[in-house]
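Trainee: prediction below, plus the sequence it came from.
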Amino acid sequence: MSAVLDTPGHHEHADRPTGITRWLTTTNHKDIGTMYLWFSFTMFIVGGIMALIIRTELFTPGIQVVDPDRFNALTTYHGLIMVFGAIMPAFVGFANWLIPMQIGAPDMAFPRMNNLSFWLLPPAALLLITAQFVPGGGAGVGWTMYPPLTVQAPMAMDLTIFAIHILGMSSIMGSINIITTVFNMRAPGMGMMRIPMFCWTWVITAFLLLAVMPVLAGAVTMTLTDRHFGTSFFNAAGGGDPVLYQHVFWFFGHPEVYIIAIPAFGVISQIIPAFARKPLFGYTSMVYATASIAVLSFLVWAHHMFTVGMPVEAQLYFMYATVLIAVPTGVKVFNWVATAWRGSLSFETPMLFALGFLFLFTIGGFTGLVLAIVPIDVQLHDTYYVVAHFHYVMVAGALFSAFGAIYFWLPKWTGKMYDERLGKLHFWLSFIFFNVAFFVQHFLGLAGMPRRIPDYAPQFAEFNMISSIGAWGFGLAQVLLLYIVVKTIRSGKPAEQRQWDGADGLEWTHLPTPAPYHSFETPPVLK
């Protein structure tokens, strides 16, 4: 297993590892990207099953399927697994596959560290899953893990804290790798303002991760010492402050939202130009808008905390700063629409998911603006309106763009073409059932239904029933995605040399002057 096997110019050797050894020891960015993507899909299924149990419990009033403690544990681990196990690893998988190809690098800067940063994830996921089956049951503290609940939670809380530390280490190593790769390994002549938008979004995301993962580690470590070592950081009885935890957590938590959303912006900035057959409108403004979103995300954390009793001046500041984020986000939406405007549009599956993202993410942004207004937020805080808002951002935002990315780059990755008819069916099932599941939750929240409760008053029954039906439909639609991907890999028709009719997202995203083109296809003629 010589280290030179993967270097250019060496032929395949007989001792190249095969089977499980190949995957355990690989330093190939494509193999590692593939592992990230399969891992994230597995966690997506696990988290999705938890969500379906939650929605089945809420189908009618009363306690039917799970007891309240189990219900609270399910909401906790559904959130943690979806955020840290499904969405973030999916985009790291795309980064591993695409960044070296997009900048003309032979591989990532630190291939062995790349391998390690993936193999930290399965043990962390195992900890999160087994935490629900240890004595005392799972920690029903919510994915935000607020004290004083966390101080009194059973042993599962310790496993959860350990898992979060491991996930943080993985994220930090992946971020160092991405930053170093993009800064130091670009092809000759490719300046930073010539790299594809996906690379830019990941560089910005990597800096966000480096800044906030240690903050989360600090918050859960302080929780751990409160639990076992007699400290009182968050324990009011010992002079601590539970609200301090909220400040520390949300200083991580709000940038985390953009850690999930910004790579999704990068994917959409690749797909829309490809299917509009035009360069991305306003490339430079997109770069600056993305960077300013990242900076502003550090300045608005306490808009999650308008009900903790902070001074009115602080409430005003956080309200205005939050509304300000709408400006660079609006720039991005405008640029995507302007890219599509009067383009030579075609509506294959990746473009459908990109347009679905554009429509639904904008709705999520508007409901976020509603929640940014202090007097409204005081009324809607911890209701289903908030649940609806962040699922429109996370699912319709991050997940739809990830689906679009899979369909967009699958022909490039596998050399085979997916079934377009089934892909479109997957989109429409996902789009319709997503809205059935989550749109009605806005009305539940406006009517005052609190979140994270296993039972509810009868007047909420109809909307909960509709929401549960939508959730089951959305969940079952994802089985179709698995079928499409496996069918493509096993028996898909060979993809054409230029599958997307002259635009594959690696070249059309630059400025009108074509940058050096580094992919395994012939460059297009830009007219």
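Mentor: Yep, it's here.
Trainee: contact partners for residue 55?
Mentor: Contacts of residue 55 were listed using C-beta atoms under 8 Å, 6 or more residues apart in numbering, and they are 437, 467, 468, 471, 472. C-betas here are computed from N, CA, C, even on glycine.
Trainee: any low-confidence regions in this protein?
Mentor: 1-14, 501-527 (pLDDT under 70).
Trainee: again, only this time at 80
Mentor: Applying pLDDT under 80 to the chain flags the ranges 1-16, 501-527.
Trainee: secondary structure and neighbour count added to the contacts of residue 55, as JSON lines?
Mentor: Below are those laid out as JSON lines (DSSP: H, G, I helix; E, B strand; the rest coil; neighbours: other C-beta atoms under 10 Å):
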{"residue": "437", "secondary structure": "helix", "neighbour count": "24"}
{"residue": "467", "secondary structure": "helix", "neighbour count": "25"}
{"residue": "468", "secondary structure": "helix", "neighbour count": "20"}
{"residue": "471", "secondary structure": "helix", "neighbour count": "23"}
{"residue": "472", "secondary structure": "helix", "neighbour count": "18"}
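Trainee: pull the most distant pair out of those residues.
Mentor: Distance extremes for the contacts of residue 55: the farthest pair is 467 and 472 at 10.0 Å, using C-beta to C-beta.
Trainee: now the contacts of residue 55 in CSV, with distance to residue 74?
Mentor: As requested, the contacts of residue 55 are exported to CSV (distance: C-beta to C-beta, whole Å):
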residue, distance to residue 74
437, 16
467, 16
468, 14
471, 13
472, 16
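Trainee: between those residues, which sits nearest residue 115?
Mentor: residue 471 (36.2 Å).
Trainee: report the contact partners of residue 158.
Mentor: 224, 227, 228.
Trainee: could you measure from it over to residue 139?
Mentor: Distance from residue 158 to residue 139, counting by C-beta to C-beta, to the nearest Å: 9 Å.
Trainee: cool, and residue 410?
Mentor: In this view, residue 410 and residue 139 are 38 Å apart by C-beta to C-beta.
Trainee: those two: who's more crowded?
Mentor: Remark: of residue 410 and residue 139, residue 139 carries more neighbours, 28 against 23, as counted by other C-beta atoms under 10 Å.
Trainee: ok, the more buried one touching residue 154?
Mentor: Yes. Residue 139 lies in contact with residue 154 (C-beta atoms under 8 Å); the separation is 6.5 Å.
Trainee: which residues in the stretch 101-250 of the chain form helices?
Mentor: 111-119, 121-130, 149-152, 156-184, 197-228, 242-276 (DSSP state H, counting those that start in this stretch).
Trainee: in the first one, what's buried?
Mentor: Spelled out, that is helix 111-119. 111, 114, 115, 117, 118 (16 or more other C-beta atoms under 10 Å).
Trainee: residue 147: which of the residues you listed is nearest?
Mentor: Among the buried residues of helix 111-119, residue 117 lies closest to residue 147 (C-beta to C-beta), at 30.0 Å.
Trainee: relative to residue 108, how far out is the closest residue to that closest one other than its chain neighbours?
Mentor: In space, and not counting its chain neighbours, residue 117 is closest to residue 173: 3.9 Å by C-beta to C-beta, 6 or more residues apart in numbering. According to C-beta to C-beta, residue 173 stands 11 Å off from residue 108.
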